[in-house]
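**Q** missing the sequence, but the structure's below:
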């Protein structure tokens with residue numbers, strides 16, 4: 001290498017890492033980015049992007065099945081799974097090429113290999129081919145991401161997969177078991193069910209989507225049951241026994257079993273810190289395995305920051321993006337406001353989709369707020385009726401003012417068609433601490449799905465149209 005010292009060195013090329021690199025380069029900084037696989041990280045290659053590609057395939061399958069309701073006669077066709085895998089990879093490759101070109105265009109030095117932080121901001125890089133390099137940086141960002149958690153007895157192999165292997169399965173199984181009812185588990189279960197698999201979902205907690213408002217979870221559960229998904233909550237998995245014909249039998253609960261050809265383990269992700277820190281650095285790791293940072297993502301070593309899944313913050317790509325930008329601003333002395341983890345927008349792309357920001361009704365009450373809530377269902381929304389997707393609702397939680405009226409908006413929760421594309425207005429309201437009177441002034445297009453949010457807020461002012 002001609003250059004070994006940079007103003008910023010980033011270890012990890014996922015959303016947090018490449019966001020920091022691109023943002024710093026746009027500010028004129030010299031930047032080196034180290035990635036052991038491909039830039040884009042888990043999100044692009046084994047997470048967000050392939051998951052949504054599969055979900056879109058599932059949406060097309062649903063559209064074909066319901067085409068007759070719109071007067072469109074379609075000859076039934078089989079699912080060409082190799083073509084599905086091919087299109088998934090084409091989407092990934094196109095986006096990977098785009099990120100790579102952006103980094104190249106901004107003159108970011110990209111090194112392929114494993115990076116580790118030593119003393120005095122020294123970063124050692126080792127490639128698979130045995131090559132090595134040593135860099136130093138005025139500032140260093142650790143963005144090494146996370147890997148899927150596994151359950152003892154359900155290590156990947158044969159019919160058992162995690163999210164790392166799921167996007168390369170060679171066929172849609174006749175029967176499948178999804179272990180974990182969180183956001184990722186619900187996306188996998190929804191995808192498999194829409195593609196024709198008989199799905200059993202096993203969740204240890206009392207309900208699926210444990211972080212969501214109860215009314216939202218109820219809608220998703222009802223919709224999943226319509227798809228034929230067998231949801232079992234409050235159960236523990238005990239192990240599985242191969243059946244000798246490529247499948248296995250999963251044991252769970254009180255002596256219950258489920259036979260399947262695919263087991264998807266979706267029980268969260270753990271931070272990837274192994275081999276990242278060498279002796280001589282003051283960076284600390286918490287008991288839960290996260291790199292310890294303050295509210296500005298600074299580690300215990302001056303000049304070293306950490307962002308993304310490797311720290312204890314919401315494991316969301318857009319949060320990692322924002323954290324990477326905040327770090328660069330901090331490096332430049334611009335005193336940025338850190339991300340408010342309590343109000344970040346969440347998007348879950350199962351069918352029906354889920355999106356929310358801020359408090360649920362339960363968490364608002366637990367926090368001591370006296371609340372006013374309002375719910376409006378997509379069943380009466382003209383656009384939802386037109387597209388034939390009326391399951392779902394919008395729920396708004398607001399703080400009750402001294403006069404008894406709804407005031408500041410504390411949370412916005414949506415479930416239904418394309419709500420992941422509708423949350424921005426709700427997030428803006430929550431993040432800017434807007435009141436229902438202020439938001440009720442916003443004009444919503446008609447007919448649109450998004451007008452249900454406006455209608456819900458309007459009703460909280462004491463007057464409404466259709467509610």
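**A** Looks like it arrived, so ask away. As the structure is a computational prediction, the values presented were derived from the model and not from experiment.
**Q** per-domain residue ranges of the protein.
**A** 5-148+270-331, 160-267, 352-459 (automatic domain parsing).
**Q** between those domains, which one is nearest to residue 344?
**A** Proximity to residue 344 (CB to CB) singles out domain 5-148+270-331 among those, at 5.5 Å. Backbone N, C-alpha and C define where each C-beta goes, glycine included.
**Q** Now do the same for residue 390: its pLDDT.
**A** Per-residue confidence (pLDDT) for residue 390: 96.
**Q** Same question for residue 22.
**A** In this model, residue 22 carries a pLDDT of 98.
**Q** Then it would be within a helix, right?
**A** Yes - assessed by DSSP: H, G, I helix; E, B strand; the rest coil, residue 22 belongs to a helix.
**Q** From residue 91, how far off is it?
**A** 20 Å (CB to CB, to the nearest Å).
**Q** Now do the buried residues in stretch 169-180.
**A** 169, 172-173, 176-180 (16 or more other CB atoms under 10 Å).
**Q** Over to stretch 63-82?
**A** residue 79.
**Q** correct me, but residue 359 touches residue 412?
**A** No - at 9.5 Å, residue 359 and residue 412 do not qualify as touching, with contact defined as CB atoms under 8 Å.
**Q** Residues in contact with both of those two, list them for me.
**A** Common contact partners of residue 359 and residue 412 (CB atoms under 8 Å, 6 or more residues apart in numbering): residue 397.
**Q** Look at those two and report which has more neighbours.
**A** residue 412 (30 against 25; other CB atoms under 10 Å).
**Q** contacting residues for that one?
**A** Here residue 412 is in contact with 356-358, 394-397, 423, 426-427, 429-430, 453 (criterion: CB under 8 Å, 6+ apart).
**Q** okay, the residues you listed in JSON lines with secondary structure and distance to residue 73 next?
**A** Formatted as JSON lines, those follow (DSSP: H, G, I helix; E, B strand; the rest coil; distance: CB to CB, whole Å):
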{"residue": "356", "secondary structure": "strand", "distance to residue 73": "39"}
{"residue": "357", "secondary structure": "strand", "distance to residue 73": "42"}
{"residue": "358", "secondary structure": "strand", "distance to residue 73": "45"}
{"residue": "394", "secondary structure": "strand", "distance to residue 73": "35"}
{"residue": "395", "secondary structure": "strand", "distance to residue 73": "38"}
{"residue": "396", "secondary structure": "strand", "distance to residue 73": "41"}
{"residue": "397", "secondary structure": "strand", "distance to residue 73": "45"}
{"residue": "423", "secondary structure": "helix", "distance to residue 73": "36"}
{"residue": "426", "secondary structure": "helix", "distance to residue 73": "39"}
{"residue": "427", "secondary structure": "helix", "distance to residue 73": "41"}
{"residue": "429", "secondary structure": "helix", "distance to residue 73": "44"}
{"residue": "430", "secondary structure": "helix", "distance to residue 73": "45"}
{"residue": "453", "secondary structure": "helix", "distance to residue 73": "36"}
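**Q** Check those residues against residue 257 and report the nearest one.
**A** Distances from residue 257 to the contacts of residue 412, taken by CB to CB, are shortest for residue 356, at 35.0 Å.
**Q** got any ranges where the chain has weak pLDDT?
**A** Along the chain, segments meeting pLDDT under 70 span 1, 467.
**Q** Can you show me the helices along the stretch 351-467 of the chain?
**A** In the stretch 351-467 of the chain, the segments counted as helices under DSSP state H, counting those that start in this stretch are 361-366, 382-387, 423-431, 436-439, 451-459.
**Q** closest one to residue 285 among those helices?
**A** Short answer: helix 361-366, nearest of these by CB to CB, at 28.7 Å.
**Q** list the buried ones in that closest one?
**A** So, applying 16+ other CB under 10 Å, buried residues of helix 361-366: 361, 363-364.
**Q** show me the contacts for the nearest residue to residue 461 once chain neighbours are set aside.
**A** Nearest non-adjacent residue to residue 461, counting by CB to CB, 6 or more residues apart in numbering: residue 440, 5.1 Å away. Residue 440 is in contact with 454, 457-458, 460-461, counting by CB under 8 Å, 6+ apart.
**Q** Is it possible to mark the buried ones in those?
**A** 454, 457-458, 460-461.
**Q** tally of neighbours for residue 243?
**A** Neighbours around residue 243, by other CB under 10 Å: 13.
**Q** For it, give me phi and psi.
**A** Backbone torsions of residue 243, given as degrees, to the nearest 10, read phi -90, psi 0.
**Q** re earlier: now do the residue nearest to residue 461 against residue 452, distance only.
**A** In terms of CB to CB, residue 440 sits 13 Å off from residue 452.
**Q** now do residue 367
**A** 26 Å.
**Q** Looking at the two, which has the bigger crowd around it?
**A** residue 452 (27 against 11).
**Q** Is that one in contact with residue 394, as I believe?
**A** Yes - with contact defined as CB under 8 Å, residue 452 and residue 394 form a contacting pair (4.8 Å).
**Q** how close does the closest residue to residue 379 other than its chain neighbours sit to residue 331?
**A** In this structure, residue 379 finds its nearest non-sequential neighbour in residue 390, 4.6 Å apart by CB to CB, 6+ apart. Remark: distance between residue 390 and residue 331 (CB to CB) = 49 Å.
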